[in-house]
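A.B. asks: from the sequence below, what's the structure:
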Amino acid sequence: MSMSMRHPDPYRPMPQQKQNGLSISAMVLGIIGTLFGFIPVLGLLSLPLGLTGLVLGLVTVKAMMAGRTSTGFTITGLVTSVVAIILFFAQAVLWGSALSEPNSSAVISQDGRERLILPTQPQSSQAESVLPSEASQALAPEPSSQLTPERSTAGYGEGMYKVGSEIEPGTYRTAGGGRCYYSRLRDATGGIGSIIANDNLQGQGYVALQESDAYINFSGDCLWEPVHAAKLSPPAGKYASGMYKVGSEIEPGTYRTAGGDSCYYSRLKDATGGIGSIIANDNLRGQGFVTLIESDAYINFSGTCTWTKG
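C.D. replies: Here you go, the predicted structure:
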């Protein structure tokens with residue numbers, strides 16, 4: 001009995017070993033990008049990871065169809081990469097919404113840059129108010145069990161007042177003082193995020209309280225009165241640092257200054273104190289001009305320069 005040996009057919013193609021390197025890379029990048037997508041800040045990395053994984057996954061699709069790569073690795077890489085990209089845009093929308101919330105606590109400083117003005121701390125806790133004694137007595141809150149305190153009729157000095165119950169929404173004016181700061185607040189938590197708008201005034205000024213404001217904080221030795229109760233007395237042709245109401249305290253037209261050590265102006269559409277109130281502003285070097293138009297609500301002059309019409 002003869003035994004025959006079978007030899008492999010030299011013309012039969014050998015089975016190809018699957019090459020899963022690119023598909024595994026796509027899957028790993030997609031999974032990492034998806035995980036980062038659920039983590040604040042790190043979610044910003046989801047886009048490059050997801051795009052890279054998606055490109056690698058698409059490259060391996062043809063190899064998957066030919067059976068040279070694993071179908072599971074390729075599909076998983078494609079799916080997770082797409083999810084990572086979606087999570088990136090979801091985080092971008094959330095961050096964009098958070099950053100677009102009104103937060104105009106910054107003001108334009110004399111150097112033309114945005115900055116947040118924080119209240120100046122009193123020199124001493126024992127410092128006495130420079131307000132007349134009668135006005136001080138009127139401003140001092142009396143002990144009461146009522147939840148809604150009576151509103152002041154003599155103006156508002158240093159202190160924090162609840163809008164709607166202790167002070168009405170509306171426009172208030174101060175003749176200024178040695179120290180004069182205000183901040184419109186959205187709550188009473190005391191953080192910088194509570195500030196809607198604020199300013200340190202030089203000379204007279206205005207602030208417009210909105211119904212949506214929760215509190216107003218006045219600091220310093222200036223007294224604030226409702227505009228209808230304030231006596232407007234336009235300067236005699238010369239305007240130094242201060243905020244002036246166009247049409248009643250200063251006429252529309254072109255004004256000139258010879259300049260000074262510091263010289264800043266801002267034309268304003270309202271007195272809310274936010275950056276959105278500014279129509280135009282400038283820090284001048286040397287002499288300069290500014291033209292007020294009838295639609296301007298206020299003009300704010302700051303610095304050591306004096307403005308005259310002409």
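
A.B. asks: verify the contact between Arg285 and Gly259 for me.
C.D. replies: Yes. Between Arg285 and Gly259 a contact is recorded at 7.1 Å, counting by CB atoms under 8 Å. All C-beta spots, glycine's among them, are computed from the backbone N, C-alpha and C.

A.B. asks: how about the helices in the stretch 1-150 of the chain?
C.D. replies: Ranges of helices in the stretch 1-150 of the chain, per DSSP state H, counting those that start in this stretch, are 21-37, 46-65, 71-99, 133-139.

A.B. asks: I'd like those helices as TSV, with mean neighbour count and distance to Tyr172 appended.
C.D. replies: What follows is the helices of the stretch 1-150 of the chain, written out as TSV (neighbours: other CB atoms under 10 Å; distance: least, CB to CB, whole Å):
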stretch	mean neighbour count	distance to Tyr172
helix 21-37	21	48
helix 46-65	20	48
helix 71-99	17	30
helix 133-139	13	14
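
A.B. asks: in this structure, where is pLDDT below threshold?
C.D. replies: By pLDDT under 70, the low-scoring segments of the chain are 1-19, 97-153, 229-236.

A.B. asks: quick revisit: between Arg285 and Gly259, who's got more neighbours?
C.D. replies: More crowded of Arg285 and Gly259, by other CB atoms under 10 Å: Gly259, with 15 against 9.

A.B. asks: what sits against the more buried one?
C.D. replies: By CB atoms under 8 Å, 6 or more residues apart in numbering, the residues touching Gly259 are Leu284, Arg285, Gly286, Gln287, Gly288, Cys305.

A.B. asks: any chance of the helices of the stretch 1-150 of the chain in CSV, with distance to Glu158 too?
C.D. replies: Listed next are these as CSV, based on distance: least, CB to CB, whole Å:
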stretch, distance to Glu158
helix 21-37, 49
helix 46-65, 50
helix 71-99, 33
helix 133-139, 8
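
A.B. asks: Asn198 is nearest to which of those helices?
C.D. replies: Nearest of the helices of the stretch 1-150 of the chain to Asn198, taken as CB to CB: helix 71-99 at 19.7 Å.

A.B. asks: who does the closest one touch, helix- and strand-wise?
C.D. replies: helix 21-37, helix 46-65 (3 or more CB pairs under 8 Å, 6 or more residues apart in numbering; DSSP states H and E).

A.B. asks: which one of these lies nearest to Gly193?
C.D. replies: helix 21-37 (26.5 Å).

A.B. asks: related to what we said a few turns ago, can you pick the most crowded of the contacts of Gly259?
C.D. replies: Neighbour max across the contacts of Gly259 (other CB under 10 Å) = Cys305, 22 neighbours.

A.B. asks: which parts of stretch 157-166 are buried?
C.D. replies: Residues Gly157, Glu158, Tyr161, Val163, Glu166 are the ones in stretch 157-166 that count as buried (16 or more other CB atoms under 10 Å).

A.B. asks: where's the third one relative to Gly33, distance?
C.D. replies: It refers to Tyr161. Using CB to CB, to the nearest Å, we find Tyr161 at a distance of 51 Å from Gly33.

A.B. asks: can you check the fourth one too?
C.D. replies: In this structure, Val163 and Gly33 are 47 Å apart, going by CB to CB.

A.B. asks: ok, the second one next?
C.D. replies: As defined by CB to CB, Glu158 lies at a distance of 54 Å from Gly33.

A.B. asks: with Pro169 instead?
C.D. replies: Look at Pro169 and Gly33: by CB to CB, they are 49 Å apart.

A.B. asks: among the helices of the stretch 1-150 of the chain, which comes closest to Ser248?
C.D. replies: helix 133-139 (24.6 Å).
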